[in-house]
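[1] would you be able to build a 3D model of this:
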Amino acid sequence: MSIFLIKMRRVVNELIGIDLPILEEIAYKGAYGAVASTVMYQILKKFYIVLNIFGIVMIWIFTSAEKEKIPIPPIGNRKLLRDSVGTIAAKVRKRKVSAVEVVKTFIGRINEVNDKLLCIVDQRFDEALKEAERIDELVQNYDEEELCKKFPLLGVPFTIKDFFSVKGLKHTTGLYCRKDIVASKDAEIVTILKRYGAIPIGVTNVPELCMWWETLNTVYGRSKNPYDTRRITGGSSGGEASIQGAAGSGFGIGSDIGGSIRMPAFFCGVYGHKPTIGLVTNVGQEPKLEGRLEEFLTTGPIVRHPEDLDLLFNIMVGDDREKLNPVPDMKKIKIFYMEDDGGSPLSTPVSPEIKLAMKQVMKYLEDKHNIKPQFANITKLYHSLEIWVNEMSGAGSPTFCEELALKERSVNPFWELIKWAFRCSPHTLPALSLGILEKVAAASRGLPWHKEMIDMGYSLATDIQDLLGTDGIMLYPTHPNSAPKHYEPMFRPADFSYCAIFNVIGVPVTQVPLGLDTNGMPIGVQVVGGMFSDLITIRVAQEIHQVIGGWVPPCHQQNC
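    Numbers count the residues shown, from 1 in each chain. Below is the predicted model:
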């Protein structure tokens, strides 16, 4: 037996090129000393290469049957589908168009695209039309100025991810054991938006328990990207971003705990805003998070036009807008940038096209406003994934495996994985993988490495706040590449860390589309602000729109 173990050790040594005693020392003494960092980098880099090669083969196998993308119908001359939220509401108030016509137009668009994209998973079209009729009656009895003050969203239809409750609609959170649950009341954010005149028309698809960056579940299936149906929409607000990119809803609402607003918005060519922690209500979401997880989770808008971010965010934040930092003159905003996370072997290298688009933005800001962007050498972003995983695993909430079973017990992810291999599990592979990762992370909490990453997270938050203050922003990639093909996230599991790190830090971030790459897929950039600088990141997003142009209809090649 001893000879066998010696031989096995030699095999492992040859495979990864590192002596096992060094690994043992790292595990027990901490992972990020000078020598240990170099060793871990070598391990992770080789692991990434192996995973990348394996992923290329598996993706080819999985996607070989779907060789051509399915084009979605063009928008044509339906101007309402191109209008901003503010423009639609103004037209309704001025009686240039009826609320009924607005709702019917968006319902028609949903019916055109949903069978191709699988965005909307439950709808309330009949109820929405009745509410639109009541709005048209209201318009006849009030003058325009009064309507503008009371109902800035008058007659605008919106959708919201199946994480929030909408009375009378299914509330599954992508979980099979919730497939028959119907919401008995509206989430608080839905109530707020309705109070200002908006009309909910449906809920949108999410990954299982909203914890993956491809939208797929065993209740409804897989959502698809409006620019290329062979590619992902992102997650967890993937169905929402897809219907926004396809112009099937006036605006959308998502939630974000690890990039769940910003990544889908990036992949689908639209704007998304993750507010400063604690500013917007999360009440009415399922599962209800506890402990620090509730702090990491935020609710925010997903839209096609940057001016709508400002309109919706001010409504959503309510009286807490007094906490927000004022927006300085553009020439006085400090601008920093980083083109990547410093080269972490866990994440894919950032696309040259994204880097070029960021440079174009910086040149525009420098030329127009005489602002010289400065490089932000935040080296701790190199450990974004490790910080996020450790913060999440020690956040003091029911475990992911317990949530998979409605907190009535804890799902055994290893047994479910065996069942999944025989197509007998009600869970998705990403959810089971996360369950296993959770077990591993829980087992490591007693190691020095866990506390080291938690402390590094607090230190990183301080570094970023000190750098940006109340009048600075940082440009940072939303994701290393445009939307990957279906299944690919399983072999690029760490790429979401470009977004996720800012959830545990708590700062506001706005995702801004930067046009299309050579594959015809959207790319973008994050505008990161200091705490309570939401209006500043949104203002910069509006400024970037001047040079890049923002949302591009997905059927642009068909003269959309």
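
[2] is Ile335 in a helix, a strand, or coil?
    Secondary structure for Ile335, judged by DSSP: H, G, I helix; E, B strand; the rest coil, is strand.

[3] touching, it and Lys368? I think so.
    No. At 12.0 Å, Ile335 and Lys368 do not qualify as touching, with contact defined as C-beta atoms under 8 Å. C-beta here means a position set from N, CA and C on the backbone, and glycine is covered the same way.

[4] more neighbours, these two?
    More crowded of Ile335 and Lys368, by other C-beta atoms under 10 Å: Ile335, with 22 against 13.

[5] burial count for the nearest residue to the more buried one once chain neighbours are set aside?
    For Ile335, ignoring the flanking residues on the chain, the nearest one in space by C-beta to C-beta, 6 or more residues apart in numbering is Pro373 at 4.5 Å. For Pro373, the neighbour count with other C-beta under 10 Å is 19.

[6] Pro373 and Gln360 touch, don't they?
    No. The criterion here is C-beta under 8 Å, and Pro373 misses it with Gln360 at 11.8 Å.

[7] strands of the stretch 201-350 of the chain, residue ranges please.
    Assigned by DSSP state E, counting those that start in this stretch, the stretch 201-350 of the chain shows strands spanning 216-217, 221-222, 251-256, 271-274, 298-303, 334-337.

[8] out of those strands, which is closest to Leu516?
    Nearest to Leu516, of all those, is strand 271-274, at 15.3 Å by C-beta to C-beta.

[9] average pLDDT across that closest one?
    Mean per-residue pLDDT for strand 271-274: 98.

[10] that one pairs with which strands?
    strand 298-303 (antiparallel), strand 509-516 (antiparallel) (DSSP bridges).

[11] per-residue pLDDT, the residue nearest to Ile335?
    Turning to Pro373, the model gives it a pLDDT of 97.

[12] try Pro398
    Pro398 carries a pLDDT value of 86.

[13] go on, Cys555?
    For Cys555, the model assigns a pLDDT of 78.

[14] might you report the residue contacts of the closest residue to Met211 other than its chain neighbours?
    In this structure, Met211 finds its nearest non-sequential neighbour in Leu434, 5.7 Å apart by C-beta to C-beta, 6+ apart. Neighbouring residues of Leu434 by C-beta atoms under 8 Å, 6 or more residues apart in numbering: 211-212, 400.

[15] residues of the helix or strand hosting Leu434 that come out buried?
    According to DSSP states H and E, Leu434 maps onto helix 429-443. Within helix 429-443, the residues scored as buried using 16 or more other C-beta atoms under 10 Å are 429-432, 434-435, 437-439, 441.

[16] helices or strands up against the helix or strand that it is followed by?
    Once the chain leaves helix 429-443, the next helix or strand it forms, by DSSP H and E, is helix 448-468. Packing partners of helix 448-468 (3 or more C-beta pairs under 8 Å, 6 or more residues apart in numbering; DSSP states H and E): helix 20-29, strand 334-337, helix 384-393, strand 472-477, helix 497-505, strand 522-529.

[17] centre of the chain to the helix or strand containing Val103, how far?
    Taking DSSP H and E as the definition, Val103 sits inside helix 99-117. Relative to its parent chain, helix 99-117 has a centroid offset of 24 Å by C-alpha atoms, centre = their mean, to the nearest Å.

[18] dump that helix to CSV, keeping only the CA atoms.
    Presented in CSV, the C-alpha positions along helix 99-117 are these (Å, rounded to 0.1, in the frame of the first residue of the first chain):
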residue,chain,number,x,y,z
ALA,A,99,-52.8,53.3,-22.2
VAL,A,100,-54.7,50.4,-23.8
GLU,A,101,-52.8,50.9,-27.1
VAL,A,102,-49.5,50.9,-25.2
VAL,A,103,-50.3,47.7,-23.3
LYS,A,104,-51.6,46.0,-26.5
THR,A,105,-48.4,46.9,-28.4
PHE,A,106,-46.2,45.3,-25.8
ILE,A,107,-48.4,42.3,-25.5
GLY,A,108,-48.1,41.9,-29.2
ARG,A,109,-44.4,42.1,-29.0
ILE,A,110,-44.2,39.5,-26.3
ASN,A,111,-46.4,37.1,-28.3
GLU,A,112,-44.0,37.5,-31.3
VAL,A,113,-40.7,36.8,-29.4
ASN,A,114,-41.5,34.7,-26.4
ASP,A,115,-41.7,31.3,-28.1
LYS,A,116,-38.2,31.9,-29.4
LEU,A,117,-36.6,33.4,-26.2
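
[19] kindly export whichever helix or strand comes after that helix (C-alpha atoms) in PDB.
    Using DSSP H and E, the next helix or strand after helix 99-117 towards the C-terminus is strand 120-123. Below are the C-alpha coordinates for strand 120-123, written out as PDB (Å, rounded to 0.1, in the frame of the first residue of the first chain):
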ATOM      1  CA  ILE A 120     -42.100  35.500 -19.900                       C
ATOM      2  CA  VAL A 121     -43.200  32.600 -17.800                       C
ATOM      3  CA  ASP A 122     -46.500  33.900 -16.500                       C
ATOM      4  CA  GLN A 123     -48.600  36.800 -17.600                       C
END
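
[20] which residues are contacting strand 120-123?
    Outside strand 120-123, the residues touching it (C-beta under 8 Å, 6+ apart) are 110, 114, 159, 162, 169-170, 172, 201-205, 219-220, 239, 243, 248.
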